[in-house]
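A.B. asks: requesting a structural model of the entry that follows:
(2 chains)
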2 protein chains.
Amino acid sequence: MKKALVLLSGGVDSSTLLFYVKQRINVASVYALSFLYGQKHARELDAARWQAVKAGVKDHRVVDISFLGELLAGAGCALLDPDVDVPDLSELDRDARSQPPTYVPNRNMILLSIAAAFSETLDISDMFYGAQAQDEYGYWDCSDRFVKRLNNALALNRKKPVLIHAPFASMTKAKVLGIGFDLGVDYAHTWSCYRGADKPCGTCPTCVERAKAFRENDTPDPLS
Amino acid sequence: MKKALVLLSGGVDSSTLLFYVKQRINVASVYALSFLYGQKHARELDAARWQAVKAGVKDHRVVDISFLGELLAGAGCALLDPDVDVPDLSELDRDARSQPPTYVPNRNMILLSIAAAFSETLDISDMFYGAQAQDEYGYWDCSDRFVKRLNNALALNRKKPVLIHAPFASMTKAKVLGIGFDLGVDYAHTWSCYRGADKPCGTCPTCVERAKAFRENDTPDPLS
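C.D. replies: Purely as a prediction, here's the structure:
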């Protein structure tokens, strides 16, 4: 594969994906795309920038779509709305977990469709998305089925169809992390915590999942 | 149907759709959404605003996603790039017509995915899209198949799935216009011309198609 684009949030999964694409898929020119969408944890973008430089990507763009914060005000989204607290994972009951307050309405379809347009512009036909199996519990737009159905729509493009690859879609976060250790990913320069304060809170859903993944790899998290 | 959202560009098809949804589908509260995406013919948005007021929509938002112009620079898109002229329809050969220079990379998936997020936020489960059959020649993202496949993806949403309706997808523009005459749509306040100058150019693809649709209805175009 000559060229590929990686969606890079700066978290564990997409940072691992970046190095996976570079080293395992053996892509000559890797492009990375990140989004400022009004998320409270916009500091994840510093991590994204660091990883993009480290991986030696050809081009890394951070697209400002923070208009989403205003447009989706009223959705009760804990990642966007200053008046809605990010919950601890332990506060979420079973029903809430199927689409938790940390779900951003249709976010991933928006990000992927912009990324597909950018790929098309650069004559890139392969795009990589860091969805992993563990997120599927709460986010329909991280599921393998979602990727397949979106690919069905993108395949209709008559001249430059773009294909979304989600190589981690059937893996746990612990498994992804294990791959990253093999690839030499530096997790000190990743960011997960939804609360986005100076230090990870340790109790929000993504902090708990990150801690679990490190524990299952018998490795300390450099951020904790 | 209690609530619906209409994607409103300010052209013939979507302006007709707005009144169709209001009167034929008999929706109590209609919301409209328009986009400034860097198009040369941004004056279509004045028409969209006029139609939204005339139709008495509950809320009309114009979302600024003009970052697309910069992100997609280099795509050779005649609607976005000041260095690429909008072609006359007569200049386009058969191959060019299957995805002409006036095609904006993946634009409609981007617009529809943002619109779905906004709908979800407002608890709207029905969204209307003015794709008509005649545009399918050049735009894969106006086809009925595209709408169906995108709906397949959106249907995975576990709590608030949004369905895209495209009631004109199998109709010609002339047929859509005929419906609009019955509904009393005022086409003096619509805009089609891609060149976006003070007056419609009369020769770009959308001007030619608009003229043909009026001619087939034996009615003069108030803009010409």
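
A.B. asks: show me which positions of stretch A:88-96 end up buried.
C.D. replies: Buried residues in stretch A:88-96, counted by 16 or more other Cβ atoms under 10 Å in any protein chain shown: A:L92. Bear in mind the C-beta positions are built from the backbone N, C-alpha and C, glycine included.

A.B. asks: list the contacts of it.
C.D. replies: Contacting residues not belonging to stretch A:88-96 are listed as A:P87, A:P100, A:T203, A:C204, A:P205, A:V208, A:E209 [Cβ atoms under 8 Å, 6 or more residues apart in numbering or on different chains].

A.B. asks: let me know the closest of those to chain B.
C.D. replies: For the contacts of stretch A:88-96, the minimum distance to chain B (Cβ to the nearest Cβ) is 10.3 Å, reached by A:P100.

A.B. asks: could you check how far the nearest residue to the closest one once chain neighbours are set aside is from A:R107?
C.D. replies: Of all residues not flanking A:P100 in the chain, A:G138 sits nearest, at 4.8 Å (Cβ to Cβ, 6 or more residues apart in numbering or on different chains). Separation of A:G138 from A:R107 (Cβ to Cβ, to the nearest Å): 13 Å.

A.B. asks: count residues in the vicinity of A:R195, would you?
C.D. replies: Look at A:R195: counted by other Cβ atoms under 10 Å in any protein chain shown, it has 18 neighbours.

A.B. asks: right, and it touches A:C201 too?
C.D. replies: Yes. If you go by Cβ atoms under 8 Å, A:R195 and A:C201 touch, sitting 4.6 Å apart.

A.B. asks: list residues touching both of those two?
C.D. replies: Counting by Cβ under 8 Å, 6+ apart, the residues touching both A:R195 and A:C201 are A:V86.

A.B. asks: mind putting the contacts of stretch A:88-96 into CSV with neighbour count, secondary structure and pLDDT?
C.D. replies: As requested, the contacts of stretch A:88-96 are arranged in CSV below (neighbours: other Cβ atoms under 10 Å in any protein chain shown; DSSP: H, G, I helix; E, B strand; the rest coil; pLDDT from 0 to 100):
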residue, neighbour count, secondary structure, pLDDT
A:P87, 17, coil, 93
A:P100, 19, coil, 90
A:T203, 16, coil, 95
A:C204, 24, coil, 94
A:P205, 25, helix, 92
A:V208, 16, helix, 94
A:E209, 20, helix, 94
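
A.B. asks: need the distance between the two termini of stretch A:76-86.
C.D. replies: Terminal residues of stretch A:76-86 lie 11 Å apart, using Cα to Cα, to the nearest Å.

A.B. asks: show me the contacts for A:C207.
C.D. replies: When contacts are counted by Cβ under 8 Å, 6+ apart, A:C207 touches A:S192, A:C193, A:Y194, A:P200, A:C201.

A.B. asks: which elements pack onto the strand ranked longest in chain A?
C.D. replies: Longest strand of chain A, by residue count under DSSP state E: strand A:29-36. Here strand A:29-36 touches strand A:3-7, helix A:12-23, helix A:44-55, strand A:59-64, helix A:107-121, going by 3 or more Cβ pairs under 8 Å, 6 or more residues apart in numbering or on different chains; DSSP states H and E.

A.B. asks: that strand to strand A:3-7, inter-axis angle?
C.D. replies: Between the axes of strand A:29-36 and strand A:3-7, defined by axes from the mean of the first three to the mean of the last three Cα atoms, to 10 degrees, the angle is 20 degrees.

A.B. asks: what are the buried residues along strand A:29-36?
C.D. replies: Applying a neighbour-count criterion of 16+ other Cβ under 10 Å, one finds A:S29, A:V30, A:Y31, A:A32, A:L33, A:S34, A:F35 buried in strand A:29-36.

A.B. asks: lowest-scoring secondary structure element of chain A by mean pLDDT?
C.D. replies: The weakest-scoring helix or strand in chain A, judged by mean pLDDT, DSSP states H and E, is helix A:94-98 (a mean of 81).
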